[in-house]
Each structure stands twice: as structure tokens, then as C-alpha cells.
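Asker: Need a 3D model of the following:
(chains A and B)
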Amino acid sequence: MRALSWMVLGLGGLCLLLGILALAGIAPVLYGGWLLTAGIAGLFAGWYLSLSAGMLESAGGGEQARLRLRRLSRLKYDLGAWFIMAPCAILFLFFIYDPLIESVRLSFFETKGMTTVRFVGFQNYRRMLIHPDFWPSVRNSFMYTFWSLAIGFMVPIVMSVIVNEMIIGKNLARTAIYLPVIVPGLATVVLWRFIFSAEASGGMNMLLAALGLPRTTYLSNPSIVIPIIVLTMTWRNAGSTTLIYLAGLQSIDPQHYEAAIIDGAGVWRRLIHITIPNIYNLARTLLILQIIAVFQIIYEPLVMTNGGPNNASVSMMQVVYRYAFERFDYSHATAMSVIIAVILLALTLVYNRIGKPSEAY
Amino acid sequence: MSTPNTMPGTRKRGAGRVSGKTDGLIRQYDLRKPPVAAAYTLMMIVAALAVALSVAPLIWTILGGFKTMQEFSRGVKTVGADGKNKWVMAFLPVSFSLDGYIETWRQTKFMRNYLNSLYAVLGCCASALLFNGLMAYGLSRLKPRGWRVADALVTGSLLLPGMINIVPLFINLTRLGLTRSFIPLWLGVGASAFTIILFKNFYDAMPSSLFEAARLDGCSNLQMFFRIVMPLSMPINMVVLIFTVNGAWSDFLLPYLLLNNSPSATVMVRLFEFRVATAGVTAIEVLRATVFSILPPIALFIIFQRQITSNVMASGMKG
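Answerer: Alright, predicted model coming up:
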């Protein structure tokens, strides 16, 4: 028992060491993250086994032994519980945290296919900055964010206030507005590409023709391509946000309104002084979530315009996609992802600094 | 984010029917004032427009699928007032025969993609219930020493930009030889913080006496999960299943990277392959394939409409 526990403990430690070395890029080990995980698990298992061994040897009796037994049963409970949580925790490590670390690591290496060649410091980043796709994509990502806030931020707020005031057809309105959310994202993108097609068969052009207007181009016009893509995103996403605001509106205490009515406040004043302040914090949270989501836009430009015309709609995530899955240049792709992550982190920090949540209303 | 203190919709409806509008921002007597009444009418018109706008693109697509290729791209040939032939685009198709849809279904062999998607969806459901359920159970009930670490792992993932991971994840999966396999899609669902939080909130509200009784009867932790927690959390299981089915059906980037150009392409992967002309499909076929890909989620939504909308509201998070 003792020997076994030492063996497991040693193996775990070795795995851990190799994992750390592999992640640091020193040892030529195939896959560091798994070793790291296995190492931690091995250490735990070894610790557990050695303690059980200790218990078997010292189960003689007396106060000391009883205390030890109690501690041991607590340990057994903890390990059992962790055993239940471990599968999911490993999945989190594998699907989220390990790729995150790998992403940062790869961005500092020269890669050839999927193997790292050598450490190059910030060279990938420097080369990123002078790439012709880079600055258009940065500008566009900010433009997407700007337009999505300009077009899309108020829509769910207005819609939720309206739907909340409906007496008849409320359920129908709620269902219809949520319907686009349930449609698969890629399908909506393909669908909107048909609607904004420059051909006579495009939905918008059919509408123009029905009104007696000449047909026009949409997605190949560099000055309106981003607002149009943002319109389709708003169509798709407004429904879920509307429902969240609706929940916020329904949780407002009706007594607030009654008190305001007794004080003689009109509808407009009630809206400004009760409704809006009550959903202010929710709006704040949803604003930053929207910024984070839109900044990572990829499907829409990828499918609707492929970044065109002339990079007028290419987004930063799409540049990652181009590098990684069209040119198989993983080091530049990860450098780009890291830049996106840093920009988002900076945006979130700045945002939390400038607009503190309002406490009083 | 807050949970509403009443069940969405219940209070409202009861009050509304009895004596006009006695709740919310605008009350019945406000409507006697002409400006308020005008504003209220305007609001209802906006609501009607929003409903129409939400549904119109979907209806346009479904109607378009009924047309023939020529009808779709050029219109219908009609004789104009001056006696010349004219091509006219109509919103409604000439006939509502399903032949076009059936032909596309056969020609693109879409059945296979449907089956692949079904396969992916079923595995994802199992994974979501098992992995996320167990994790939430641990976080909510077992709370071993150090559970806050796991909690931080879960909630921390909500803060990370979701797309950043895709490149190294793809590399890792390729190294492990898991491309052209559904396993990563299934397991990937297990790392969903959203589902875990849904489960955890539900488990937190279960009475502890249940667990104490079961423990006295000699139930182990795992038995407790499968014999007590799971059967008692059918409502939340249902919600998680609905969201997982929809998410797995709609998931695209990782499935595309793993399954493109393989016989196990899911519906979304196939649809993405159709976007380029080299896929050898006509515009009308792409349009019909789009309809195929949106019908199952819409059917699901129509059946479970009330559960979906009220749960998006109650959880206060994006689904």
C-alpha cells in the first residue's frame, strides 16, 4: 500500500514536471496540458493512497486514532466529491483554459504546421501590425461595435417597454420577437445574404421593385456594408435581450408606480424616474456583453461578404480564421487572438471605471 | 442578474382582464388623455411592425423555396399592357407544390446531414445532463474543500472571449486524432458555464431534508444524484435539453473545422459548404437547404415556446 502510494505520487509529480516543461516549450513533449492535468490528478491520488495507508497502520485505537479517523473521513468525503466534479472540471481545462494558455504561448513562437520551431518573442505581433489586413480589421471591428450600439442597443429596451404595456397579444409579440433567436446563426446569415442580394431576386430588391424604385447593391457597397450586417445581427439578437429587459421590467415593484401616480407624475415622468432607473444596471451589463460579443463577430462577414468589398467588412476574428484555417499559420493566428483578448480586456476595464453602477433612484 | 419575484406573465394577465389596464407604466385612466392614447396607439403599431419584421424574412425564405429556379431568379413571364412579355417578381410562388423541396432534399442527400446532426445533438444532450449536472451537484450540494476553485473555473469562463480558444483547441484535437469525430462536439458541451449555473440555481432551491434523509438511508453521493436529484429536477432538465438541442443543432465553427468534407458533416457544416459556388448547387437549392436547417428549431420552439421564453426571462441570461 505504502509503495503503491509512493509510486502514484512519483508518477504524478513526473507528469506535472513534464507538463510544466512542455508548456514552457522546453521539453519536446507532445501535449503539455494533459500531462499537467494528469500530474495534478496523480498527486491527489498519491496523497489519498498514502493517507489510507497511514490509517491502516495506525488504527490501533485511542483518542489520537479517533481524531485521525474523523479527519480521514472528511478527506474521503472531499475526494469523493471531487471525483464527481472532476470530469466536468477536466473538460473546462481542456476546452477553455488549456487553449487559452496555449494561445498565448504559441503567439510567441515560430510555427511550422502544428509544431513550434523556435521562440521569437514579439516578432509575430510586429508582423501582424504591418499586415495589410490588420488595420482595416481593427477599424471594422470597432465600426461593428459602434454601429451595433447605435442601431441595436435601444431596440430591445424600447421593445420591452412596449411589450410590457401590451394588454392583448402580449404572448404573441413575445414569441414572435424571440423567434429569430431560435433560428441557427449560420442559417440567418445565409438567409440575409439572399435578402440583401444585388440580384433582382433579392428580398430587398423585390421590395424596392414593388415600390417602383430601381434596384441597388447592398453588400458590395463599402460605405453601407457594415450597417447592413449590423441590421441583420440586430434582427437576430434583439429578441433574447428584449426578454431579459422584460423580466427586469416585470420585477419593478408596482408600488413605485402607484406612489408616483399619487404624487401626480405623468406617464413620461414615470418612465424617466421609475422605469429607466430600474433597468439601468441591467442595461449596463448588457451593454458590455454586447460589446464583447459584437467585437468577436465572424460568421456574418465570413458568409455574407467574405470580408469584402476590398476588406471593407473584414473583422478581427475573421483575420484569425484566415490565418489559421486558410493559410495554416497558427502562430500569427494566435497572436491576433491575443490582441483581440487584450483589446476586450482593456475595453471592459475602462468601461467598469467610467460608469459606476447607479445605487440610488 | 436578477430573478423576477413573480412568475413572468401570471400577475399581468389576471389583472389585465378584470378592469382594463391596472398595472405597469400606463394605467387605464391615463389613456383618457389624448396624447397618452396617441402614444399608446403608436406603441402598438410599433409592436405590430416588430412582430412582422421578425417573421417576414423567415416567411420570405420559406415562400422562395417553393419557386422554381427560373421563377426565383427572373420572375414570372406575363404579358404587359403594351402586349410585350415582361418578367415580374412576385412574393408568392406560382404553386405551393412541395416537389421542389423534395427534389432538393433528394439531390443534396440532406437526410444524411440530418442524421449526423441528430447524432451530434443526442450526444450533446447526454453530455450536458451528465457532466454539467454532476458539476452543479458538486458545487451546490457536496461543496468539498476547494470547491471555490471549481466555481471560479466555471464562472471565470463566462468572462473569457469565447472565440479566442478555437485555434489551439483545433490543434490539440488534431494532435489527439479527434478530427472527423463527434466526440469533441459532445464533450465540448460539458464545458458550458451557462448550463451549470442553470442547474446550480435549481439544485440550490431543493430542500436539504431530502438529502439528509437519503444520507441516513445510506445513499452514496453518486446514488443521491441519480436517484434523487435527477428525477426531481425534470423541469430544469427539460430546459437544459431544449437549449442544448438548439445550441448543438446551430453550432457551426468547431463542427466545420472538424467535419468539413467528411461524410459526417452536420446540417450547418453542409450549409456553410454551400456558400461557395464550387459546391455545385444552385441558389434555389441553397435557399431550400436553409429552410431545411431552420425547420427543426422552429418546430422545437413552437412546441416548447412557453418554457423557452419564460426561462430566458427567469434566468436573465442569453440562451
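
Asker: Point out where the stretch 51-200 of chain A drops to low pLDDT.
Answerer: A:51-62 (pLDDT under 70).

Asker: what are the ranges of the strands in it?
Answerer: A:109-112, A:115-119 (DSSP state E, counting those that start in this stretch).

Asker: contacting residues around the first one?
Answerer: Identification of contacts with strand A:109-112 by CB atoms under 8 Å, 6 or more residues apart in numbering or on different chains yields A:25, A:116, A:117, A:118, A:119, A:120, A:123, A:124, A:329, A:330, A:331. To be clear about C-beta, it is placed using only N, CA and C from the backbone, and glycine gets the same treatment.

Asker: sorry, back to before: buried deepest among the strands of the stretch 51-200 of chain A, which one?
Answerer: strand A:109-112 (a mean of 17; mean count of other CB atoms under 10 Å in any protein chain shown).

Asker: With just CA atoms, put that strand into CSV.
Answerer: Provided in CSV are the C-alpha atoms of strand A:109-112 (Å, rounded to 0.1, in the frame of the first residue of the first chain):
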residue,chain,number,x,y,z
PHE,A,109,6.8,31.0,-31.3
GLU,A,110,7.5,30.5,-34.9
THR,A,111,5.4,27.5,-36.0
LYS,A,112,5.6,25.1,-38.9
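
Asker: before we move on, the earlier item: for the contacts of strand A:109-112, work out which two are farthest apart.
Answerer: Spatially, the most separated pair among those is A:25 and A:329, at 18.1 Å (CB to CB).

Asker: Mark out where each domain of chain A begins and ends.
Answerer: Listed domain ranges for chain A are A:2-106, A:127-354 (source: automatic domain parsing).

Asker: Could you say which helix or strand holds residue B:170?
Answerer: Using DSSP states H and E, residue B:170 sits within helix B:166-175.

Asker: Identify all contacting residues around the very next helix or strand once past that helix.
Answerer: Sequence order places helix B:183-189 as the next helix or strand after helix B:166-175, per DSSP H and E. For helix B:183-189, contacts defined as CB under 8 Å, 6+ apart pick out A:91, A:94-95, B:120, B:123-124, B:126-128, B:131-132, B:173, B:178, B:195, B:244, B:247-248, B:251, B:254-255, B:258.

Asker: now do stretch B:71-80
Answerer: Contacts to stretch B:71-80, defined as CB under 8 Å, 6+ apart, come from residues A:199-201, B:64, B:85-90, B:93-94, B:283-284, B:287.

Asker: most tightly surrounded among the domains of chain A?
Answerer: The highest mean neighbour count among these, using mean count of other CB under 10 Å, belongs to domain A:127-354: a mean of 19.

Asker: measure it end to end?
Answerer: Domain A:127-354 has an end-to-end distance of 33 Å (CA to CA, to the nearest Å).

Asker: likewise stretch B:69-86?
Answerer: End-to-end for stretch B:69-86, by CA to CA: 17 Å.

Asker: For it, which residues meet the burial criterion?
Answerer: Across stretch B:69-86, burial judged by 16 or more other CB atoms under 10 Å in any protein chain shown covers B:71, B:72, B:73, B:75.

Asker: and the longest helix for chain A?
Answerer: When chain A is parsed with DSSP state H, its longest helix is helix A:62-92.

Asker: I'd like to know which elements that one is packed against.
Answerer: helix A:32-57, helix B:133-137, helix B:147-159, helix B:221-224 (3 or more CB pairs under 8 Å, 6 or more residues apart in numbering or on different chains; DSSP states H and E).

Asker: Can you show me the helices along the stretch 201-350 of chain A?
Answerer: A:203-210, A:225-250, A:254-262, A:267-270, A:276-295, A:299-300, A:316-321, A:330-354 (DSSP state H, counting those that start in this stretch).

Asker: Could you dump those into a markdown table with mean pLDDT and distance to residue B:214 added?
Answerer: Compiled in a markdown table, the helices of the stretch 201-350 of chain A are given as follows (pLDDT from 0 to 100; distance: least, CB to CB, whole Å):
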| stretch | mean pLDDT | distance to residue B:214 |
| --- | --- | --- |
| helix A:203-210 | 85 | 58 |
| helix A:225-250 | 90 | 34 |
| helix A:254-262 | 86 | 41 |
| helix A:267-270 | 86 | 51 |
| helix A:276-295 | 88 | 38 |
| helix A:299-300 | 87 | 46 |
| helix A:316-321 | 90 | 48 |
| helix A:330-354 | 87 | 43 |
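
Asker: a markdown table for those helices, including distance to residue B:233?
Answerer: Listed next are the helices of the stretch 201-350 of chain A as a markdown table, based on distance: least, CB to CB, whole Å:
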| stretch | distance to residue B:233 |
| --- | --- |
| helix A:203-210 | 44 |
| helix A:225-250 | 22 |
| helix A:254-262 | 32 |
| helix A:267-270 | 40 |
| helix A:276-295 | 27 |
| helix A:299-300 | 34 |
| helix A:316-321 | 36 |
| helix A:330-354 | 34 |
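
Asker: which residue sits closest to the residue positioned nearest the centre of chain A in space, ignoring its chain neighbours?
Answerer: In chain A, the residue lying closest to the centroid (CA atoms, centre = their mean) is residue A:293, at 6.4 Å. Spatial nearest neighbour of residue A:293, excluding adjacent residues (CB to CB, 6 or more residues apart in numbering or on different chains): residue A:237 at 7.9 Å.

Asker: Was I right to think that neighbour contacts residue A:155?
Answerer: No: in this structure, residue A:237 is not within contact of residue A:155 by CB atoms under 8 Å, at 9.4 Å.

Asker: Just put the domains of chain A in JSON lines and tack on distance to residue B:293.
Answerer: Below are those laid out as JSON lines (distance: least, CB to CB, whole Å):
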{"stretch": "domain A:2-106", "distance to residue B:293": "25"}
{"stretch": "domain A:127-354", "distance to residue B:293": "5"}
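
Asker: Which one of these lies nearest to residue B:112?
Answerer: Evaluated over the domains of chain A, closeness to residue B:112 peaks at domain A:127-354, with 17.9 Å, by CB to CB.

Asker: quick one: the closest one to chain centroid distance?
Answerer: 15 Å (CA atoms, centre = their mean, to the nearest Å).

Asker: what's the answer for stretch A:112-120, then?
Answerer: With CA atoms, centre = their mean, you get 28 Å for stretch A:112-120.

Asker: Any idea how far apart the tips of it sit?
Answerer: End to end - CA to CA - stretch A:112-120 spans 13 Å.

Asker: Is the closest residue in space to residue B:186 that isn't next to it in sequence in a helix, a strand, or coil?
Answerer: Excluding its sequence neighbours, the residue lying closest to residue B:186 (CB to CB, 6+ apart) is residue B:123, at 3.7 Å. Three-state call for residue B:123 (DSSP: H, G, I helix; E, B strand; the rest coil): helix.

Asker: which ones are touching residue B:123?
Answerer: Shown in contact with residue B:123 (CB under 8 Å, 6+ apart): B:182, B:183, B:185, B:186.

Asker: if we take these, which one ends up nearest to residue A:186?
Answerer: Of the contacts of residue B:123, the one sitting nearest to residue A:186 (CB to CB) turns out to be residue B:185, at 15.0 Å.

Asker: Count the neighbours of the closest one for me.
Answerer: 22 (other CB atoms under 10 Å in any protein chain shown).
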